[in-house]
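Engineer: Next input, structure requested:
(one chain, ligands or ions: 1)
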Amino acid sequence: MVSKKVENALNTQVAKEAMSSQIYLAMASWAEVQVLEGVAAFLYRHSEEERMHALKLMKYINERGGHAVVPALAKPPKDMKGIMDVFKSILQQEVEVTGEINSIVDLCLKEKDYTTHNFLQWYVAEQIEEERLARTMLDKLNLIGGDKGGLYLFDRDLLGGAARAHA
Ligand code: FEO
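Structural biologist: Numbering: from 1, shown residues only. Take a look at the predicted model:
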């Protein structure tokens, strides 16, 4: 059984993961309109994964005697400043999520909820990977600079799933 405090924290995290999914979906749509097909495919996948992160939390809350809440979501920005800006925002979003997961892990220790602490280790590991992926993308874009041919290859690589967002 989860305590009310832990249940509330997990439900807040459900909303954060769902919002990440929403933001990445808007980015995917933007990339598709820019004919960056690989980037769009990557972002659609990433959006799906965030939805899965939210669902995994919801199922856990309900399994542990709580009640998972479906959150209201804000409308994300429609237009992006550019590809670099998209990946900078992703990294920032993921760093924030890591901080939020760590706060819940901390709360679990305070509440002596070792079951939820154990459950959250999956998210701790996932965040290391998500941040690494966003940093790698940014590093590649920095290398490319303003080179259009480089951007074409970057996009084509993503279409092939070479830098797959992972489940
Ligand atoms: Fe579910 Fe990208 O954090």
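
Engineer: List of residues touching stretch 8-23?
Structural biologist: 2, 47-51, 53-54, 57-58, 60-61, 66, 68-69, 71, 73-74, 76, 89, 93, 97, 100-101, 103-104, 107, 116 (CB atoms under 8 Å, 6 or more residues apart in numbering). For the C-beta atoms, the positions are set from N, CA and C on the backbone; glycine is no exception.

Engineer: Please tell me how far Gly99 sits from Val124.
Structural biologist: 12 Å (CB to CB, to the nearest Å).

Engineer: So which bits of this protein are right by the ligand?
Structural biologist: With the criterion set to CB under 6 Å from any ligand atom, the chain comes near the ligand through 17, 20, 50, 53, 94, 97, 130.

Engineer: Mind checking which of those are buried?
Structural biologist: For the residues of the chain next to the ligand, a neighbour count by 16 or more other CB atoms under 10 Å gives the buried set as 17, 20, 50, 53, 94, 97, 130.

Engineer: among the residues of the chain next to the ligand, which are in helices?
Structural biologist: Applying DSSP state H to those, the entries found in helices are 17, 20, 50, 53, 94, 97, 130.

Engineer: Now render those residues as a markdown table, adding pLDDT and distance to Met84.
Structural biologist: Shown next, in a markdown table, are these (pLDDT from 0 to 100; distance: CB to CB, whole Å):
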| residue | pLDDT | distance to Met84 |
| --- | --- | --- |
| Glu17 | 97 | 25 |
| Ser20 | 96 | 19 |
| Glu50 | 98 | 21 |
| His53 | 98 | 25 |
| Glu94 | 96 | 16 |
| Val97 | 96 | 21 |
| Glu130 | 95 | 18 |
